[in-house]
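Q: predicted model, plus sequence, below.
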Amino acid sequence: MNISLRHLRAFSAVAEAESFTAAARQLFLTQSTLTKTIRELEQEIGLALFERTTRKVALTTQGNAFLPVARRLLNDFELLLSDLREKSAGSSGSVYLASGMAFASSVLPEVLKRLRRDYPCIHVRLLDDTSGGVVRRIESGEVDIGIGSYVGAAGDKLDKRKLLSARLGVMFPPGFEPPAGPLNCQSLRQWPLLQDESDTSIMSALERSHPELWQQVASKITVTNLDMQFCLIRAGVGACVLSALAASHPSARDLPYRLFESAELQRDVHVFTRRGVPLSPAAFTFLQVLDETLPAIDFHPGVTLAA
């Protein structure tokens, strides 16, 4: 016979109550069943744990030494069960997330603030990347959830759900007077432009609509990091094609920004998960909080939430 939780609970109850009758009542057992359980435990370890008299039940020296061990084992088991229950309910655990910088900067602060308030035991590991990088990370299994635009071929490995659409526009340096009239890709040749990496959603959209654009623009600076783009724009180095999602960033609200005339110039932002791989309860909870928080975000008018 092996010592079980049943034996430890019985021993601990008798030790605390100093009575088989009271301990049996507490454990919802008959006194004979409890007595048999304690006898089994004592036979297994080969030591008497209680001194029994007609007036009281007291721990032996060996019983006193065993009591803290039994309590610790019971407590550790209860903590483990509690942790498993929390993980099963999605109130604890880890979420690995890759996101484009515009979404991470404009949306995730509010999402993570609410997540920390309501689910403080969920740990989020956040990586920023280009849209192409987000797709690669979720494909490889490096992250549980990816948030970005669809760049490249993900094949049958990913499921995606649209979160929002963000029209494209141009952000200009401070004090710059954007040209009057409609803004289109032809206009871009007039200004120094900061260029993005080729696997970004914005470059993909521009290349589809105006493939010869970057041969016509005298662009010598390629920069993908959104914060660095803001710094270079603010310093007057050049203008930059950005989505209305990026223009929603609080630190960019004072910079001149104009949407392109064509509403077809836009980026769609999706949430990606691996096909056939179930989400952990913590990841599912994260997505629930994301969906609940999105409508409360103060987006630029060029952003439209998906139904």
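A: On my side now, so go ahead. Numbering: from 1, shown residues only.

Q: quick one: low-confidence ranges for the stretch 1-150 of the chain?
A: Within the stretch 1-150 of the chain, the segments meeting pLDDT under 70 span 1, 79-91.

Q: chain center to stretch 22-29, what's the gap?
A: Chain-centre distance of stretch 22-29: 45 Å, with C-alpha atoms, centre = their mean, to the nearest Å.

Q: any buried residues in it, and which?
A: 23-24, 27, 29 (16 or more other C-beta atoms under 10 Å). All C-beta atoms are positioned from the backbone trio N, CA, C, and that covers glycine.

Q: Serialize those to JSON lines and add fields for distance to residue 77.
A: Shown next, in JSON lines, are the buried residues of stretch 22-29 (distance: C-beta to C-beta, whole Å):
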{"residue": "23", "distance to residue 77": "19"}
{"residue": "24", "distance to residue 77": "22"}
{"residue": "27", "distance to residue 77": "16"}
{"residue": "29", "distance to residue 77": "19"}
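
Q: of those residues, closest to residue 176?
A: Of all those, residue 176 sits closest to residue 27, with 78.1 Å by C-beta to C-beta.

Q: need the three-state assignment for the closest residue to the closest one other than its chain neighbours.
A: Spatial nearest neighbour of residue 27, excluding adjacent residues (C-beta to C-beta, 6 or more residues apart in numbering): residue 13 at 5.5 Å. When classified by DSSP: H, G, I helix; E, B strand; the rest coil, residue 13 comes out as helix.

Q: same check, this time on residue 162
A: When classified by three-state DSSP, residue 162 comes out as strand.

Q: didn't the residue nearest to residue 27 look like it was pressed against residue 21?
A: No: under the criterion of C-beta atoms under 8 Å, residue 13 makes no contact with residue 21, lying 11.3 Å away.

Q: more neighbours, those two?
A: Taking other C-beta atoms under 10 Å, residue 13 and residue 21 do not tie; residue 13 has more neighbours (21 against 12).

Q: for residue 59, see how far away that one is.
A: As defined by C-beta to C-beta, to the nearest Å, residue 13 lies at a distance of 13 Å from residue 59.

Q: now do stretch 51-63: distance to the chain's middle.
A: Chain-centre distance of stretch 51-63: 54 Å, with C-alpha atoms, centre = their mean.

Q: contact partners of that stretch?
A: Applying C-beta atoms under 8 Å, 6 or more residues apart in numbering, the contact partners of stretch 51-63 are 11, 14-15, 18-20, 47-50, 67.

Q: residue 168 - how many residues pack around it?
A: Considering only other C-beta under 10 Å, residue 168 is surrounded by 27 other residues.

Q: which residue comes closest to it once chain neighbours are left out?
A: residue 265 (4.4 Å).

Q: so who does the one you found touch?
A: Here residue 265 is in contact with 167-168, 185, 205-206, 209 (C-beta under 8 Å, 6+ apart).

Q: show me where the stretch 101-250 of the chain has strands.
A: Secondary structure of the stretch 101-250 of the chain (DSSP state E, counting those that start in this stretch): strands at 121-128, 145-148, 158-171, 193-194, 239-243.

Q: of these, which is nearest residue 136?
A: Among the strands of the stretch 101-250 of the chain, strand 145-148 comes nearest to residue 136, with 8.9 Å by C-beta to C-beta.

Q: by contact count, what packs against that closest one?
A: strand 92-99, helix 101-106, helix 131-140, strand 266-274, helix 281-293 (3 or more C-beta pairs under 8 Å, 6 or more residues apart in numbering; DSSP states H and E).
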